[in-house]
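Undergrad: Model the following, please.
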Amino acid sequence: MQQADFVTIYTSFNDLNVVQKILPGIIAECRRTDTALIVHDCSNKHTEETWAWYRAQSEEHGFFYLFSKRMQFAMTRNMCLRLAIEMYTPQYICMLEDDHGYRTGAIDALRAQMQYTYGRKSPNGLRYGLYSLCPDCWGDQFRQTCLDAGGGHLTAHPDNPPWMLGGANSCVRCAPTSHWEAVLKGYDPDEYPISFFQTKNLNLRNYHRGFTSMYVGGGSLVERVDRPGAGVAMANVRFDENFTASDRRSKVQLP
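TA: Model prediction:
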């Protein structure tokens, strides 16, 4: 077992071009801060090229990687979460989607805020429990309702709905390991690659335990690559925010 107080989990799928833009900055920030990195890829296109690139990077920079057949987003992150705890016994764990990464200073800032503000009352009345770097993915409505939490950091306005007030988008989610285990309890597996069902429930668990989120650096410490997505999960015909695809109440039509 190796010891690391901070572990980054980076998961990717079918977008080597984006990974090649984002991952080098993550590697550099992890090396600069002497923290651990776990990478998982389950691409089913250009697999050999993608995995060969990852292997070369791992040999050069020493991070831990896993390759697999395509897995649910929730299963991937839960597996890597348990692996991170088993391998490194960290105090803090941060999960990144493949189009989001770190700018220099991001890990130090996240670690400092988790150390000094975790469990403390925020301007919206809830305690800080979940941390992010990216306030932009919620959209304009959320950005306009942010309050300054001091030092350029942001937190949600109390008028936001509970799932916004209590959490962060899944592009960057960071918390103390104890919070992942006791409050967030991982992602909820269902029958979709990724859905609002999986991601909203973490935010609701955070909220119902009295916690909110902090956006460390107010967006200045995150590296992003803009690319077309699958759309908002609630509005996409492939997703259903309440039921799994096999449930007769679901609006998703099975083939």
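Undergrad: what sits against residue 169?
TA: Residue 169 is in contact with 132, 134, 137-138, 199, counting by Cβ atoms under 8 Å, 6 or more residues apart in numbering. The C-beta positions use only the backbone N, C-alpha and C, and glycine is treated the same way.
Undergrad: quick one: it from residue 35, how far?
TA: When distance is defined by Cβ to Cβ, to the nearest Å, residue 169 is 22 Å away from residue 35.
Undergrad: So in the protein, where's the weakest helix or strand by average pLDDT?
TA: helix 140-144 (a mean of 63; mean pLDDT, DSSP states H and E).
Undergrad: Got the phi and psi for residue 26?
TA: Dihedral pair for residue 26: phi -70, psi -50, per degrees, to the nearest 10.
Undergrad: Also residue 32?
TA: phi -60, psi -40.
Undergrad: Just give the closest residue to it, not the sequence neighbours.
TA: residue 104 (7.2 Å; Cβ to Cβ, 6 or more residues apart in numbering).
Undergrad: so that neighbour sits right up against residue 31, yeah?
TA: No: contact between residue 104 and residue 31 fails when scored by Cβ atoms under 8 Å: they sit 11.4 Å apart.
Undergrad: how about the contacts of residue 169, which pair is most distant?
TA: Using Cβ to Cβ, the contacts of residue 169 reach their maximum pairwise distance at 134 and 199, which is 13.8 Å.
Undergrad: beta partners of the residue nearest to residue 174 when sequence neighbours are not counted?
TA: Of all residues not flanking residue 174 in the chain, residue 94 sits nearest, at 3.7 Å (Cβ to Cβ, 6+ apart). Residue 94 has these beta-bridge partners by DSSP bridges: residue 8, residue 174.
Undergrad: who are the neighbours in contact with residue 94?
TA: Neighbour list for residue 94: 6-9, 107, 110, 131, 172-174 [criterion: Cβ under 8 Å, 6+ apart].
Undergrad: Likewise for residue 172?
TA: 94-97, 100, 132-134, 222.
Undergrad: same question, residue 66
TA: 38-41, 79-80, 83.
Undergrad: With residue 36 instead?
TA: The contact partners of residue 36, by Cβ under 8 Å, 6+ apart, come to 2, 4, 6-8, 30, 63-64, 84, 87-88, 90.
Undergrad: Now find how far off-centre the helix or strand where residue 38 lies is within its chain.
TA: Assigning secondary structure by DSSP states H and E places residue 38 in strand 36-41. Strand 36-41 sits 13 Å away from the centroid of its parent chain (Cα atoms, centre = their mean, to the nearest Å).
Undergrad: any idea which helix or strand comes after that strand?
TA: Following strand 36-41 in sequence, per DSSP H and E, is helix 47-61.
Undergrad: as a whole number, average confidence for that following helix?
TA: For helix 47-61, the mean pLDDT works out to 94.
Undergrad: Listing partners with orientation, what would you give for the following helix or strand past it?
TA: Sequence order places strand 64-67 as the next helix or strand after helix 47-61, per DSSP H and E. Using DSSP bridges, strand 64-67 pairs in its sheet with strand 36-41 (parallel).
Undergrad: Export only the CA atoms of the strand it pairs with, formatted as PDB.
TA: Extracted C-alpha coordinates of strand 36-41, given in PDB (Å, rounded to 0.1, in the frame of the first residue of the first chain):
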ATOM      1  CA  ALA A  36      -1.900  10.000  -6.600                       C
ATOM      2  CA  LEU A  37      -3.800   9.600  -9.800                       C
ATOM      3  CA  ILE A  38      -6.000   6.700 -10.900                       C
ATOM      4  CA  VAL A  39      -7.200   6.600 -14.600                       C
ATOM      5  CA  HIS A  40      -9.900   4.400 -16.000                       C
ATOM      6  CA  ASP A  41     -10.900   4.100 -19.700                       C
END
